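Here's my sequence, what's the structure:
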Amino acid sequence: MCDLNQTEKDTVLGHVEGLETLIGRIRASAASIEQRNWMDHEDLDGRLSDLSARTSAAHAWVHQKMAAMHG
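Okay, here's the model as predicted:
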């Protein structure tokens, strides 16, 4: 656990909110697949790639914060 300044708080919450938004879009794609038995594979591939990149960026930020606290 660690205290966050306002900038750090805004940054980490921005990462989380971005992931939540993207997950909502992926859920919408899944609902469409379920309802129509059809998939826009390029769209879903892009969203999953974006999720991977955004998750990696959030993960890296958390690790940098941890390293700064313990370094």
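
Just the CA atoms of stretch 5-25, as CSV, please.
The C-alpha coordinates for stretch 5-25 follow below in CSV (Å, rounded to 0.1, in the frame of the first residue of the first chain):
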residue,chain,number,x,y,z
ASN,A,5,-0.5,12.4,-4.7
GLN,A,6,-3.3,13.9,-6.8
THR,A,7,-1.4,13.4,-10.1
GLU,A,8,-0.7,9.7,-9.3
LYS,A,9,-4.4,9.2,-8.2
ASP,A,10,-5.6,10.8,-11.5
THR,A,11,-3.2,8.6,-13.5
VAL,A,12,-4.1,5.3,-12.0
LEU,A,13,-7.8,6.1,-12.0
GLY,A,14,-7.4,7.1,-15.7
HIS,A,15,-5.9,3.7,-16.4
VAL,A,16,-8.7,1.9,-14.6
GLU,A,17,-11.4,4.0,-16.3
GLY,A,18,-9.9,3.4,-19.7
LEU,A,19,-9.9,-0.3,-19.1
GLU,A,20,-13.4,-0.3,-17.8
THR,A,21,-14.6,1.6,-20.9
LEU,A,22,-12.8,-0.8,-23.2
ILE,A,23,-14.2,-3.9,-21.4
GLY,A,24,-17.7,-2.4,-21.9
ARG,A,25,-17.0,-2.2,-25.7
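
can you pull the buried residues of it?
H15, G18, L19, L22 (16 or more other Cβ atoms under 10 Å). Glycine gets a C-beta too; all of them are placed from N, C-alpha and C.

And M39, how close does it get to S29?
8 Å (Cβ to Cβ, to the nearest Å).

So the two - more neighbours on which side?
S29 (17 against 13; other Cβ atoms under 10 Å).

Spell out which helix or strand contains that one, please.
helix 6-36 (DSSP states H and E).

Quick check: next helix or strand after that helix?
Heading C-terminal from helix 6-36, the first helix or strand you meet, by DSSP H and E, is helix 41-70.
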